[in-house]
Structure formats: structure tokens, C-alpha cells
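Participant: Next comes the sequence, and after it the predicted model I'd like to discuss.
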Amino acid sequence: MWPWGHLAVGYLVYTALSRWRFGRTPSAGAAIAVAVGTQFPDLVDKPLAWTFHVLPSGRSFAHSLLTATIICTLIYAYARRHGLARPALAFAVGYITHPFADALSPLLGGEYAYVRYLGWPVLDQPAYDTSMGFAIHLLDFELTPLVAFEFLLVALAVLAWLRDGRPGLGALRGWYRSQRSGSES
């Protein structure tokens, strides 16, 4: 799944959870945390596999449910002590939805060996070509039915985000303004 698809899935799941569990829309901090969580596995695995060649594939270490459980538990334990339990939960939702969303394509294609990353390092990985970098992967982009489905999810997520009051946008604008004013001094 492409980054925008992960973001859409994570936001849709978290906004539904937030409304169901807390009776409210996501806060700014939670919206930003879920966005970071949805990208986290790729931000770890892709460079370590494609650029530094220390992982067997771009879906291994951070895509593993074992790793996700450990990381999310540690972040939640730390955040809870500091009054940030909801953003930590949002990060965990974003993170956990990522490897499952990546499993959709291989499962639909009947390529079950390609979801073994969920059990890495306990389960062996099929052979992957890790010689291709980021640019090659982007150049290989094509509009498939699954990618079209991702765009539909993005549209739904944007509508949900707008309905939720665009959480996180004001915080990001404030951070950007502070960065600009700090660099002008």
C-alpha cells in the first residue's frame, strides 16, 4: 500500500475508534500521532532494506507484529505517565493498521508467503529484490484496482477529517509559523 493509503486507513480506523470509545472526534495531537504511526513501519524498514541493505525486505522488522507490539507498548507506557495516552493510542492504531493494510494485496492475490513479514523474525521471508531504491519504486507506480481503492479510501478519510474539524491542521500551522519566525531572527 502507498503512504496515502496507509494514512487513510489509519485515520478512518482511529476516528471511528475515537467516536466509539471516547465519544469525540480526534484531538490535534491524536490526528498527528495517527499520521506518524501510519508511516512509521515504512520509515524504518524501507531505508534499512533498500538503502542500507541490513534488512531482508522493506517489510520485515518494523512490519512485524512482534516489533509493533513491543514499540506500541513502550510508547503507551511512557505516554500514559505523561498524560498523553490518547495520542499514544492513536500512534498505535496507525502503526498496527499499516502491516495489516500491506497484507491486503498479497492475500487478495493468493500469495500467502508474502504476509509472513507479520511474524518476522520467527517466520522466514520469501526472497525480495532489495536493490531497487525509492525512485525506482515510484517509477513503477501504476494505477491498479487496489491503488484506485486506496484513492477511494483517501477521499473517505479526507471527508471524515473535514467532518472532524480538520484536527491537527492548526497545530501544524502553528509549528510551521514558529519555525519560520525562528529562522528569520
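Facilitator: Received the coordinates, thanks. Numbering: from 1, shown residues only.
Participant: Give me the residue at the spatial middle of this structure.
Facilitator: By C-alpha atoms, centre = their mean, the chain has its centre lying nearest to Thr38, at 1.3 Å.
Participant: measure that one to Pro145 for me?
Facilitator: Using C-beta to C-beta, to the nearest Å, Thr38 is found at 22 Å from Pro145. C-beta: built from backbone N, CA, C; applies to glycine.
Participant: do Thr15 as well
Facilitator: For Thr15, the distance to Pro145 - C-beta to C-beta - is 25 Å.
Participant: Help me confirm that Ala33 comes into contact with Phe91.
Facilitator: Yes: counting by C-beta atoms under 8 Å, Ala33 touches Phe91, with 4.2 Å between them.
Participant: Quick check: nearest residue in space to Leu48, chain neighbours excluded?
Facilitator: Leaving aside its sequence neighbours, Leu48 sits nearest to Leu55 (C-beta to C-beta, 6 or more residues apart in numbering; 4.5 Å).
Participant: now swap in Leu17 and tell me
Facilitator: In space, Leu17 is closest to Val93, 6.3 Å off (C-beta to C-beta, 6+ apart).
Participant: now do Leu146
Facilitator: Ser105 (5.6 Å).
Participant: try Arg86
Facilitator: Ala30 is the one closest to Arg86 (C-beta to C-beta, 6+ apart), at 5.2 Å.
Participant: starting at the chain centroid, how far to the strand or helix carrying that neighbour?
Facilitator: Secondary structure assignment for Ala30, by DSSP states H and E: helix 28-46. Going by C-alpha atoms, centre = their mean, to the nearest Å, the spacing between the C-alpha centre of helix 28-46 and its chain's C-alpha centre is 5 Å.
Participant: Would you mark the buried spots in the helix or strand following it?
Facilitator: The helix or strand immediately downstream of helix 28-46 is helix 65-81, counting by DSSP H and E. Residues of helix 65-81 classed as buried: 67-68, 71-72, 75-76, 79 (neighbour count, 16 or more other C-beta atoms under 10 Å).
Participant: got it, and stretch 11-25?
Facilitator: Result for stretch 11-25 [16+ other C-beta under 10 Å]: buried residues 11-15, 17-18, 25.
Participant: re earlier: would you mind giving the secondary structure of the residue nearest to Leu17?
Facilitator: helix (DSSP: H, G, I helix; E, B strand; the rest coil).
Participant: Tally up the residues packed near it, please.
Facilitator: The tally of other residues near Val93 (other C-beta atoms under 10 Å) stands at 26.
Participant: My read is that it contacts Gly10, right?
Facilitator: Yes: in this structure, Val93 is within contact of Gly10 by C-beta under 8 Å, at 6.3 Å.
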